[in-house]
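Student: Here is a sequence together with a model predicted from it:
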Amino acid sequence: MSLYLCVDCGGSKTSAVVSDTSGNVVGRASGGPSNIAYLTIDSFIETIRETVGDALKTCTSPASVDTVALPPPAGLEFVAAWFGISGADSPSIIESVVNPLSTLLGVPKGPRLSVANDAHLLAAPIRMHEDVISAVTVIGGTGSIVVSFKEKEDGELEELGRVGGWGWILGDEGGGYSIGREAVRQVLIEQDKHSVMKSPPPEGPLRTLLKTYFGIKDVMEVLTEVYVPDPIPSTVVNSEHGAHKYMSREKRLSSLSPSVFAAAFEDKDPLALKVLRICAKDLAEQISIVVGDASEEAPRLVKASESVICFGGSVVGLEVYRNMVLDDLAAKGHVFKHVEFVDDCAAVGAAGLRLKYKD
């Protein structure tokens, strides 16, 4: 049986999907974290060995109880493999894992062993739409990054432009962290405006949410709660303290985002809705940097009308927020040919890989 392998290597987990020549998913497994920026090469390869070996269990006949040893035995050879690896942001990092992966999988180093940043996997739908020549990937989870691609004649993806991915201190516009941060900002801005008015700010759902989440009575106390230093690993949890005190400062704010969505769309809070509109606009601004009419000065821009936009991540997984971003792009004249939300990058990547080599 000839097989196609796609592995999504993330900071929290590794997802491996194996498909056959008909495009059927015949194997799937999850493993531990595999962000190459935080692991040694040996640790990274060991995670891949375990995860891919587990994915191959259902590819044997009968199905194997034990993890399948790699390289794969006869009859389970990989035609091609595609790895999207978090932290693989430079040619030197990618080169450091290509040879070990080639040896592990039995796939010769070359075009049939593709190794790139995980944003590349999100561009897989470009191979499923014959009427587009480029793709724009938008990762919007806790953080955010935008990457544009075109498919070359040999079927390989060429990265054209990249925006963001700077992390929570410098960027992550439109992601979960920025939504939490903007929610706190908007409540504080409203508080400041009312400091010169007769009446206090209205106790809307978002304001109430913040006070409950941080365990405070006065909104201005939120500053102390936000700026509390990150807890040290050995900190003993005290049930009398709010859970946010035991989170990193980044997570302290990003964890607010689900409640902001609830305040906006369930409680109809205009302030929460304003927060989401601001953040959606910020993300649309990031996307618009890589979109437009190519010119001598900017030859790597892509036309939205000739592209598929591929969203991935928990925040942009919410259709109502995704539509806000698309509406802001449309207002700028950027209407994409196709819109995709990819909730299983490894599976979509495996399908795209099969299409690439179907002949």
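Tutor: In hand now; what should we look at? What you are looking at is a predicted structure, and each value in this text was computed from that prediction instead of being measured.
Student: and Tyr203, what pLDDT?
Tutor: If you look again at residue 203, you'll see it is Glu, not Tyr. At Glu203, the model reports a pLDDT of 91.
Student: Just the element for it, please.
Tutor: Assigned by DSSP states H and E, Glu203 falls within no helix or strand.
Student: Make sure Gly110 is indeed in a strand.
Tutor: No - Gly110: not assigned to a strand; according to DSSP: H, G, I helix; E, B strand; the rest coil it is coil.
Student: can you tell me how far it sits from Leu101?
Tutor: Computed as Cβ to Cβ, to the nearest Å, the Gly110 to Leu101 distance reads 12 Å. (Glycine included, C-beta is placed from N, CA and C.)
Student: Looking at these two, which has the bigger crowd around it?
Tutor: Leu101 (20 against 10; other Cβ atoms under 10 Å).
Student: Please enumerate the helices of the protein.
Tutor: With helices called from DSSP state H, the chain shows them at 41-55, 91-105, 176-193, 205-214, 222-227, 249-254, 257-265, 270-288, 319-331, 345-356.
Student: which one of those helices is the most hemmed in?
Tutor: Burial of the helices of the chain is given as mean neighbour count (mean count of other Cβ atoms under 10 Å); helix 345-356 ranks first at a mean of 24.
Student: How far does that helix sit from its chain's centre?
Tutor: Here helix 345-356 shows a centroid-to-chain-centroid distance of 17 Å under the convention Cα atoms, centre = their mean, to the nearest Å.
Student: Stretch 337-355 too?
Tutor: 14 Å.
Student: That one spans what distance, first to last residue?
Tutor: 20 Å (Cα to Cα, to the nearest Å).
Student: Stretch 251-265 - what's its average pLDDT?
Tutor: Mean pLDDT, stretch 251-265: 92.
Student: Tell me the span between the first and last residue of it.
Tutor: Across stretch 251-265, the terminal residues are separated by 23 Å (Cα to Cα).
Student: mind starting the numbering at 223 from now?
Tutor: Yep, numbering from 223; the last one is stretch 473-487 now.
Student: So what touches it?
Tutor: Stretch 473-487 is touched from outside by 364, 390, 397-399, 401-403, 405-406, 426-428, 431-432, 435, 447-448, 466, 469, 491, 493-495, 497-498, 537, 540, 542-543, with contacts defined as Cβ atoms under 8 Å, 6 or more residues apart in numbering.
Student: let's see 6 Å
Tutor: 364, 398-399, 401-403, 405, 427-428, 431, 466, 491, 494-495, 497-498 (Cβ atoms under 6 Å, 6 or more residues apart in numbering).
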